[in-house]
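[1] need a structure here:
(one chain, ligands or ions: 1)
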Amino acid sequence: MIEATLCFPMRSRSDSAGDDTAAETANEVLLIEKRRGLGEGWYNGPGGKLEGDETPRECAVRETREEVGLEIDPADLEKAGELRFLLDGEEHTFCHVFLTTAFDGEPTASDEARPEWVDIDEVPYEQMWEDDRLWLPTVLEGKSVRGAFRFEGGEPLDEAEFVEYDLETGVSFADGD
Ligand SMILES: Nc1ncnc2c1[nH]c(=O)n2[C@H]1C[C@H](O)[C@@H](COP(=O)(O)OP(=O)(O)OP(=O)(O)O)O1
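    Next comes the predicted model:
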């Protein structure tokens with residue numbers, strides 16, 4: 001099974017301070033238009049597969065740097081979701097989802113991704129993985145999710161048919177995940 005990450009940098013158009021979680025104060029999210037590989041041509045968060053012995057946080061930081069050039073401290077990532085993608089009844093990908101409002105730099109396009117700040121009320125779900133509309137709005141509201149999403153039809157995953165799902169909200173995750 002593949003272990004992967006998604007990272008959603010968020011920002012507020014009008015600066016607001018306080019102890020709120022990232023998604024409670026932010027109203028724009030950084031998406032990428034994927035330029036190659038799984039999900040090519042669709043919008044998603046920066047992210048990708050874990051490499052070597054890196055942790056999910058380290059992976060999210062590395063993928064966000066490689067894809068859009070933002071620097072993030074792993075401690076500034078808020079864990080927001082755990083998603084299981086199943087293909088033909090088999091576990092295919094386990095994906096850790098993170099949010100952050102703390103990052104350095106300006107998003108820059110790479111070979112893999114074209115970044116775009118998007119209002120959280122205008123996320124282009126019709127140009128994203130079909131499951132995203134089921135869990136991403138909840139994540140962008142600052143609530144955590146744990147879900148399983150079943151696809152049928154064989155590899156590659158992005159050409160398989162999305163058939164059903166289970167989703168829990170307001171879940172908690174183990175420290176350090
Ligand atoms: N169903 C669904 N919804 C939303 N997001 C995803 C899925 N399935 C997925 O695989 N994903 C996400 C999880 C990952 O962030 C990417 C896929 O990562 P990929 O591009 O294959 O990983 P990289 O490590 O960047 O790839 P290469 O470097 O090998 O090209 O999609």
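[2] Check the chain for its longest helix and report it.
    Looking only at the chain and at elements set by DSSP state H, the helix with the highest residue count is helix 56-68.
[3] for that helix, packing partners?
    Counting contacts by 3 or more C-beta pairs under 8 Å, 6 or more residues apart in numbering; DSSP states H and E, helix 56-68 packs against strand 2-11, strand 28-34, strand 47-49, strand 90-100, strand 113-119. (C-beta placed from N, C-alpha, C; glycine too.)
[4] Give me the residues contacting that helix.
    3-7, 9, 30, 32, 46-51, 54, 70-74, 77, 96, 98, 103, 107-110, 112-113, 115, 177 (C-beta atoms under 8 Å, 6 or more residues apart in numbering).
[5] Now the residue of the chain found nearest the ligand: closest residue in space, sequence neighbours ignored.
    Shortest the chain-to-the ligand distance, computed as C-beta to the nearest ligand atom: residue-wise this is Gly48, at 2.5 Å. Closest residue to Gly48 in three dimensions, ignoring its sequence neighbours and counting by C-beta to C-beta, 6 or more residues apart in numbering: Glu63, at 4.4 Å.
[6] How many residues are close by that neighbour?
    24 (other C-beta atoms under 10 Å).
[7] Does Gly147 belong to a helix, a strand or coil?
    strand (DSSP: H, G, I helix; E, B strand; the rest coil).
[8] what about it, how many residues close to it?
    That count, for Gly147 with other C-beta under 10 Å as the rule, works out to 21.
[9] Quick check: residues of this protein near the ligand?
    For the chain, the residues in contact with the ligand (C-beta under 6 Å from any ligand atom) are 4-6, 37-39, 44, 47-49, 85, 93, 95, 129, 131-132, 149, 157.
[10] at 5 Å what do you get?
    Proximity of the chain to the ligand, by C-beta under 5 Å from any ligand atom, involves residues 4, 6, 37-38, 47-49, 85, 93, 95, 129, 131.
[11] Derive a PyMOL selection command for the buried subset of those.
    Buried members of those, defined by 16 or more other C-beta atoms under 10 Å, are picked up in PyMOL with:
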select buried, resi 4+6+38+47+48+85+93+95+129+131
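[12] now the residues of the chain next to the ligand as JSON lines including pLDDT?
    Converted to JSON lines, these look like this (pLDDT from 0 to 100):
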{"residue": "Ala4", "pLDDT": "98"}
{"residue": "Leu6", "pLDDT": "98"}
{"residue": "Gly37", "pLDDT": "92"}
{"residue": "Leu38", "pLDDT": "94"}
{"residue": "Gly47", "pLDDT": "97"}
{"residue": "Gly48", "pLDDT": "97"}
{"residue": "Lys49", "pLDDT": "97"}
{"residue": "Phe85", "pLDDT": "98"}
{"residue": "Thr93", "pLDDT": "98"}
{"residue": "Cys95", "pLDDT": "98"}
{"residue": "Trp129", "pLDDT": "98"}
{"residue": "Asp131", "pLDDT": "98"}
